[in-house]
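In: I would like the atomic coordinates for the input below:
(one chain, ligands or ions: 2)
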Amino acid sequence: MKIALLGYGTVGSGVYELIEKNNESIQENFSKDVRVERILVNNLNKYKTHKAFNIFTNSFDELIKEDFDIAIETIGGIYPAYDYLEYFLKKGIPVITANKDLIAEKGPSLLEIAKSNNTILSFEASVGGGIPILKPLQECLAGNTIKNISAVINGTTNYILTKMFNDDISYEAALELAQEMGFAESDPTSDVEGYDAMRKLVILSSIGYKKNIKWTDLPIEGISNILKSDIDYAHSENYRMKLMAFSEDMGDGIYGTVRPVYVTSQSKYAKIDNEYNAVILEGDAVGELMFTGKGAGKFPTASAILGDLLDIVQNKKKHPSYHYQDSVHIHQYYPRKSKWVIRLTNGKLHELTRLLFESFSSNAIKLSKDANSDILYVQLVAENEETLLQQLNQIAHTANCKYKHFLVFDK
Ligand SMILES: NC(=O)C1=CN([C@@H]2O[C@H](COP(=O)(O)OP(=O)(O)OC[C@H]3O[C@@H](n4cnc5c(N)ncnc54)[C@H](OP(=O)(O)O)[C@@H]3O)[C@@H](O)[C@H]2O)C=CC1
Ligand SMILES: N[C@@H](CC=O)C(=O)O
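Out: Numbers count the residues shown, from 1 in each chain. Ligands and ions are numbered 1, 2, ... in the order given. Here you go, the predicted structure:
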């Protein structure tokens, strides 16, 4: 079977090497000779010394002079990836992609094209790197109504937060390390601002709840505004900070968000460190399930792509059941009673304390002053996020201060 491999970066090179490594066992197990026939890249000069340089090209028109049985896309971004996928699907050629930006944005239209051309589009690697999650969700858990999904689902930000917490290194230095390790997107804005995690959450949620959810409709907050004092506060309370993606089917709509949260040291997420991801799903029949593993990097991601490839090799042509009709109501605020940590800056300490005790019941409040700045951390319990924000806005207005609120996530 002849493969067109689009892209030869972190993921594409991993796919190539894993196919080479498994070629014989695939031949033995499935009687198919699977090989990469041609590779599309941007800058051909980078590959001059590669042993298979003769199969590299930087021209899509040149690439498609060959006939292929499968296309694997690891270029990233929306265009030209969309046009290339559309080309293959319209020719009835199955496509595998790791591109969550493209699936979250254009998945419905690409799946329509795949269906009407009697072929398939697979994207296991687009969520959770090496963790098998989309296939279990669609196949093994098909007898469940999915009630909620939570996840640490961006390797780059989890790596940064882990390094800041464990090794006391700066946000900038930790981001640089994540880039060197190949975890970050070519533009890491989508990692650190939470867009990547949100796209993955929306892919999971659209499949899980069988609803059409647009990733741009849900509230997103990344980690670029996290301060050293927020991490110091985590140490002082025996908390960890995580960029959490979570959603819930509320019956009358969906609540979903990506935001930095604190978790306690007993949380299931507390030990999910570095580039590891974890997804917890709750189904009405099965209860809670946790999936964990490496969520980014060369071979973990290539492993997920090989899984999709071997399904196609075995003719297990299952179409991902991605839902894209019936738009859904979105709840904007965290709906449950919960503990929150509030970071307050620029206020007069005495006045702030008085206002806080006036607004929130005193026995639920815990105040701590940061040792190195005028920042005050307040821990309190609120009935829901909307009422919390009303009270905090009032305090910020009266005390002329700024605040940032963090959920203490309880899974
Ligand atoms: N890195 C990771 O851990 C994971 C990444 N993904 C996804 O996998 C995809 C690839 O990521 P990654 O491998 O990290 O990215 P890289 O930036 O490492 O690699 C991208 C590759 O695509 C090639 N390329 C880019 N644009 C074009 C173009 N217009 N035409 C032809 N070739 C092009 C580049 O060519 P050249 O080499 O010449 O520059 C490079 O070989 C993305 O969608 C990403 O979101 C998914 C899960 C994990
Ligand atoms: N940039 C992504 C790569 C995998 O999806 C991440 O850090 O998780």
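In: Nearest residue to the residue in the stretch 51-200 of the chain positioned nearest to ligand 1 in space, ignoring adjacent ones along the chain?
Out: Relative to ligand 1, the nearest point of the stretch 51-200 of the chain is residue 76 (3.1 Å; Cβ to the nearest ligand atom). To be clear about C-beta, it is placed using only N, CA and C from the backbone, and glycine gets the same treatment. Distances taken as Cβ to Cβ, 6 or more residues apart in numbering place residue 99 nearest to residue 76, at 5.8 Å, with adjacent residues excluded.
In: you'd agree that neighbour is up against residue 81?
Out: Yes. The criterion here is Cβ atoms under 8 Å, and residue 99 meets it with residue 81 at 5.8 Å.
In: Then residue 175 would be within a strand, right?
Out: No. According to DSSP: H, G, I helix; E, B strand; the rest coil, residue 175 belongs to no strand; its state is helix.
In: Look at it and say how many residues are nearby.
Out: Residue 175 is flanked by 22 other residues according to other Cβ atoms under 10 Å.
In: show me where pLDDT drops low in this structure?
Out: Of all residues in the chain, those with pLDDT under 70 make up the ranges 317-326, 362-363.
In: hmm, what's the outermost residue in it?
Out: No residue in the chain sits farther from the centre than residue 350, which is 41.4 Å out by Cα atoms, centre = their mean.
In: burial of the residue of the stretch 51-200 of the chain closest to ligand 1, as a residue count?
Out: Using other Cβ under 10 Å, the number of residues around residue 76 comes to 22.
In: Where does residue 161 sit: helix, strand or coil?
Out: From three-state DSSP, the assignment for residue 161 is helix.
In: show me what contacts the closest residue to it other than its chain neighbours?
Out: Using Cβ to Cβ, 6+ apart and skipping the chain neighbours, the partner closest in space to residue 161 is residue 241 (5.3 Å). When contacts are counted by Cβ atoms under 8 Å, 6 or more residues apart in numbering, residue 241 touches 161, 165, 226, 230-231, 234, 260-263, 406.
In: can you rerun that using 6 Å?
Out: By Cβ atoms under 6 Å, 6 or more residues apart in numbering, residue 241 lies in contact with 161, 234, 260, 262.
In: Roughly how far does it sit from ligand 2?
Out: Note on residue 241: its distance to ligand 2, by Cβ to the nearest ligand atom, to the nearest Å, is 16 Å.
In: Please report phi then psi for that residue.
Out: Main-chain dihedrals, residue 241, degrees, to the nearest 10: phi -100, psi 130.
In: before we move on, what about residue 255?
Out: Dihedral angles for residue 255 - degrees, to the nearest 10 - are phi -100, psi 130.
In: Let me know the distance separating residue 186 from residue 180.
Out: 14 Å (Cβ to Cβ, to the nearest Å).
In: what does residue 308 give?
Out: 28 Å.
In: what does the chain put close to ligand 2?
Out: 129, 154-156, 183-185, 191, 196, 295-296 (Cβ under 6 Å from any ligand atom).
In: which of these tops the neighbour count?
Out: For those, neighbours tallied by other Cβ under 10 Å; top is residue 154, 35 neighbours.
In: got the contact list for the nearest residue to that residue once chain neighbours are set aside?
Out: In this structure, residue 154 finds its nearest non-sequential neighbour in residue 197, 4.2 Å apart by Cβ to Cβ, 6+ apart. Contacts for residue 197 (Cβ under 6 Å, 6+ apart) come out as 153-154, 245, 258.
In: Please flag which of those residues sit within helices.
Out: Under the assignment DSSP state H, the contacts of residue 197 contribute nothing to helices.
In: Output those residues as CSV; include the columns distance to ligand 1.
Out: Output for those, formatted as CSV (distance: Cβ to the nearest ligand atom, whole Å):
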residue, distance to ligand 1
153, 11
154, 10
245, 15
258, 16
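In: So which of the residues you listed is the closest to residue 169?
Out: Residue 169 lies nearest to residue 154 out of the contacts of residue 197, by Cβ to Cβ, at 18.4 Å.
In: Could you pull up the residues touching the closest one?
Out: 191, 196-197, 243.
In: which residues of the stretch 301-411 of the chain fall in strands?
Out: With strands called from DSSP state E, counting those that start in this stretch, the stretch 301-411 of the chain shows them at 330-331, 338-345, 366-369, 376-382, 402-409.
In: could I get those as CSV with mean neighbour count and distance to ligand 1?
Out: Shown next, in CSV, are these (neighbours: other Cβ atoms under 10 Å; distance: least, Cβ to the nearest ligand atom, whole Å):
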stretch, mean neighbour count, distance to ligand 1
strand 330-331, 18, 25
strand 338-345, 20, 31
strand 366-369, 13, 37
strand 376-382, 20, 34
strand 402-409, 19, 24
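In: can you redo the ones you listed as CSV with distance to residue 146?
Out: Shown next, in CSV, are the strands of the stretch 301-411 of the chain (distance: least, Cβ to Cβ, whole Å):
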stretch, distance to residue 146
strand 330-331, 17
strand 338-345, 21
strand 366-369, 35
strand 376-382, 27
strand 402-409, 19
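In: That'll do, ta.
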